[in-house]
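>>> here is a sequence together with a model predicted from it:
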Amino acid sequence: MKVLVADDHPLLRAGIAAVISGEADIQLVGEACTGREAVERFRALRPDVTVMDVQMPEMDGVEATAAIIAECPDARVIMLSTYRGDTKAYRALKAGACGYMLKSTMRTDLIEALRTVHAGRRHIPIEIAAELAEHMVESSLSTRELEVLRRVAAGNSNRAVADQLCLSEDTVKSHMKNISAKLGANDRTHAVMIAVRRGIIDSPL
């Protein structure tokens, strides 16, 4: 099995290489440190399985995966992340990834994940699958609601958000009310916390 690893952290790539090195039938054939490089390396190497970090410079892992799948529909990609937010998992799987795993479980689960995906099956941790199932039926936030929520998460008041987006303050309040309802949040702070935990928006910190 030929494996390509794409992650912008050298230590993590080294860790994956170390885990793979103990398996006689698995060979690390290449590495990439950006999403764009991952696509280029995939084209050149045609690995059996690509392990792709969700967040990378230039092009994130979800975009890189979508680009790879568009060129090679049979490509097998495992998305790797430190974040268990279901929205990122959903985006990755929708882009064509066959697997999704957390970096914290890499040492114990990577080989199993590689073999499972290489065999043509999906590898999705139970906790990720549970969150996907729980939130799949919920209404997604609109583009405008996401814009409002990101600005609120950055510490802006409703008035400031209204000025930035050329809206009335009442419209922003209405958006926040809808956002809270969709996320099952008690208030704006709770809405931001839920959105960050689920990977809908990135942490403002």
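Cool, got the structure.
>>> list the contacts for Lys173?
Residues in contact with Lys173 (CB atoms under 8 Å, 6 or more residues apart in numbering) are Asn158. From N, CA and C alone the C-beta is placed, and that goes for glycine too.
>>> quick check, pLDDT for it.
Predicted confidence (pLDDT) for Lys173: 94.
>>> repeat for Arg91
Model confidence at Arg91 (pLDDT) stands at 78.
>>> tell me the domain ranges of the chain?
2-135, 143-197 (automatic domain parsing).
>>> what's the most buried one of these?
Among these, domain 2-135 has the highest mean neighbour count (mean count of other CB atoms under 10 Å), at a mean of 18.
>>> rewinding a little: any chance of CSV for the domains of the chain, columns distance to Pro204?
Output for the domains of the chain, formatted as CSV (distance: least, CB to CB, whole Å):
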stretch, distance to Pro204
domain 2-135, 14
domain 143-197, 5
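>>> of those, which is nearest Ser203?
domain 143-197 (4.9 Å; CB to CB).
>>> pull the distance from the closest one to the chain's centre.
Using CA atoms, centre = their mean, to the nearest Å, the mean C-alpha position of domain 143-197 is found 22 Å from that of the whole chain.
>>> run through who's touching the least confident helix or strand in the chain by mean pLDDT.
Ranked by mean pLDDT, DSSP states H and E, the helix or strand of the chain with the weakest confidence is helix 126-135, at a mean of 72. Residues from elsewhere that reach helix 126-135 (CB under 8 Å, 6+ apart): 84, 86-87, 89-90, 93, 100, 102, 124, 198.
>>> swap the cut-off to 7 Å and go again
Contacts to helix 126-135, defined as CB atoms under 7 Å, 6 or more residues apart in numbering, come from residues 84, 86, 89-90, 100, 198.
>>> and the end-to-end length of stretch 113-123?
6 Å (CA to CA, to the nearest Å).
>>> would you mind listing where the chain has pLDDT under the threshold?
85-86, 133-139, 205 (pLDDT under 70).
>>> pull the longest helix from it.
Ranked by residue count and defined by DSSP state H, the top helix of the chain is helix 169-183.
>>> next SSE downstream of that one?
helix 188-197 (DSSP states H and E).
>>> now the angle from that next one to helix 126-135?
130 degrees (axes from the mean of the first three to the mean of the last three CA atoms, to 10 degrees).
>>> so what touches helix 188-197?
85, 149, 152-153, 176, 179-180, 183, 185, 201, 203.
>>> I appreciate the help and will end here.
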